[in-house]
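Trainee: give me a model of this one.
(one chain, ligands or ions: 1)
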Amino acid sequence: MSIPQNEQNHHEARASNDPSPERAQPLSSPLKMAMRRGRGESYRSASGYQTLSPLGGGSFGQVYSAVHLHSGSLVAIKFEDTSQQKRKNELLPYEHAIYQVLSHGGCSGIPQVYWLGKEDTTNMLVMELLGPTLESLRYFCRGTLSLKSVLMLADQLISTLESIHSRGILCRDIKPENLAMGRGPKSHLVYFFDFGLGRLYKDVITGEHIPYREGYEPIGAPRYCSQAAFLGYEQGRKDDLESLAFVLIWLHKGHMPWTSLLAPNIPAKLKIMGEMKDTDKLAEICKGCPDEFLTYLRYCRELEFADAPDYEMLRGLFRGVMQREGWVCDGVYDWCTGSDSEKGTLMPERFVW
Ligand SMILES: Nc1ncnc2c1ncn2[C@@H]1O[C@H](COP(=O)(O)OP(=O)(O)OP(=O)(O)O)[C@@H](O)[C@H]1O
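Mentor: Residues are numbered from 1 along each chain as shown. Got it, this is the predicted structure:
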């Protein structure tokens, strides 16, 4: 399995913070017709899928829930319009290739991908339908998740990240909007999805690590990416782990030092955000969380670019907190028990599910 060599264009397109025409394309006909009419309308593809409702949209397309008319199974379909694309390379085939590498040997915590196809000028990636994202659930729980929920998630997420890395892939876009719970019997499992910014960090045959480079545009969501990613350095496994720590802290506290940051313009804001991620500011970022979060982040910062992280040690840090608190990893999260009701019962509008 090879990954298309569209890395550079891909990064440049995704890394930009400006809403360029490439990032806001209309869907092509006949999808364009169906989707422009908004919620409630559906499109039946020649391959036998009928869209049900929009699940979300991102820089490169729209995602819909859909039913496979022959089997009745529910799926999610990610659409990419290629009709007005100025880029040479299409993105969904790239993401599909990453999923195929990840599915090798079975990787839990990654949605199954069923089909990649093209109808008219629209690429379609058909995959396992997931439940709500962690960001939706944070909203649902009135802005913060309990320490116990965050620690249970952390345990699974570190393990899945270890599996992803063991297949030679970096995520480079870990954010609560790209992490979702499963559905039905898998509703206690958390999944990574959206590998549009993923890349191979080692040669699949020789196992050789990619060389260190600098001078990239920052890659990933500024709020959660590592400081090295922010500074445009080539990312390694340590950067995914650092990014994951920022996500966990965000889920638990509902704010970070850079939340609601005021600055005269975006470059100035990004510069301040980058400085706020300095190693001597990590204690400030972790304020309000058990010391183990700071230990975790400091460990990530001490790793060299190509170092293999000690995932077991990191899991052990959080398991130690669970033990100290007398909690067991029972899969009962805040949203299962209604424990957020102490904070109110309103469901914010942004909660989508
Ligand atoms: N398999 C899935 N099951 C359920 N919902 C999904 C699935 N895939 C994507 N979504 C929903 O669609 C949204 C956008 O999907 P995705 O992140 O893959 O698109 P994107 O264009 O790469 O977005 P971005 O540019 O924000 O990273 C997600 O935040 C999620 O709400």
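
Trainee: show the pLDDT at the residue of the stretch 151-300 of the chain found nearest the ligand.
Mentor: Going by CB to the nearest ligand atom, the ligand is nearest to residue 194 of the stretch 151-300 of the chain, at 3.6 Å. No exception for glycine: its C-beta is placed from N, CA and C like everyone else's. pLDDT recorded at residue 194 is 95.

Trainee: distance of it from residue 309?
Mentor: Distance of residue 194 to residue 309, computed by CB to CB, to the nearest Å: 22 Å.

Trainee: buried sites along stretch 159-174?
Mentor: Buried residues in stretch 159-174, counted by 16 or more other CB atoms under 10 Å: 160-165, 167-174.

Trainee: quick one: low-confidence parts of the stretch 1-150 of the chain?
Mentor: 1-41, 85-88 (pLDDT under 70).

Trainee: residue numbers of it in contact with the ligand?
Mentor: 55-61, 63, 76, 78, 111, 127-130, 133 (CB under 6 Å from any ligand atom).

Trainee: between these, which is nearest the ligand?
Mentor: residue 58 (1.7 Å).

Trainee: the one helix or strand residue 248 maps to - contacts with which helices or strands?
Mentor: Under the criterion of DSSP states H and E, residue 248 resides in helix 237-253. Helix 237-253 sits against helix 134-140, helix 147-166, strand 169-170, helix 227-230, helix 291-302, with contacts defined as 3 or more CB pairs under 8 Å, 6 or more residues apart in numbering; DSSP states H and E.

Trainee: quick one: the strands in the chain?
Mentor: 49-58, 61-68, 74-81, 113-119, 122-128, 169-170, 179-181, 190-192, 199-200 (DSSP state E).

Trainee: tabulate those (JSON lines), appending distance to residue 155.
Mentor: Converted to JSON lines, those look like this (distance: least, CB to CB, whole Å):
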{"stretch": "strand 49-58", "distance to residue 155": "26"}
{"stretch": "strand 61-68", "distance to residue 155": "27"}
{"stretch": "strand 74-81", "distance to residue 155": "25"}
{"stretch": "strand 113-119", "distance to residue 155": "25"}
{"stretch": "strand 122-128", "distance to residue 155": "22"}
{"stretch": "strand 169-170", "distance to residue 155": "21"}
{"stretch": "strand 179-181", "distance to residue 155": "14"}
{"stretch": "strand 190-192", "distance to residue 155": "10"}
{"stretch": "strand 199-200", "distance to residue 155": "26"}
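
Trainee: circling back: quick one: the helix holding residue 248 to helix 291-302, angle?
Mentor: Helix 237-253 and helix 291-302 meet at an angle of 160 degrees, taking axes from the mean of the first three to the mean of the last three CA atoms, to 10 degrees as the criterion.

Trainee: name the nearest residue to the residue of the stretch 151-300 of the chain closest to the ligand, sequence neighbours excluded.
Mentor: residue 178 (4.5 Å; CB to CB, 6 or more residues apart in numbering).

Trainee: is that neighbour in contact with residue 191, as I believe?
Mentor: No. Counting by CB atoms under 8 Å, residue 178 stays clear of residue 191, with 9.3 Å between them.

Trainee: sorry, back to before: neighbour count winner among residue 194 and residue 309?
Mentor: residue 194 (23 against 19; other CB atoms under 10 Å).

Trainee: quick one: contacts for that one?
Mentor: Residue 194 is in contact with 58, 95, 173, 178, counting by CB atoms under 8 Å, 6 or more residues apart in numbering.

Trainee: those in helices, which ones?
Mentor: residue 95 (DSSP state H).

Trainee: out of the contacts of residue 194, which is nearest to residue 229?
Mentor: Within the contacts of residue 194, distances to residue 229 taken as CB to CB reach their minimum at residue 173, with 9.6 Å.

Trainee: thank you, goodbye.
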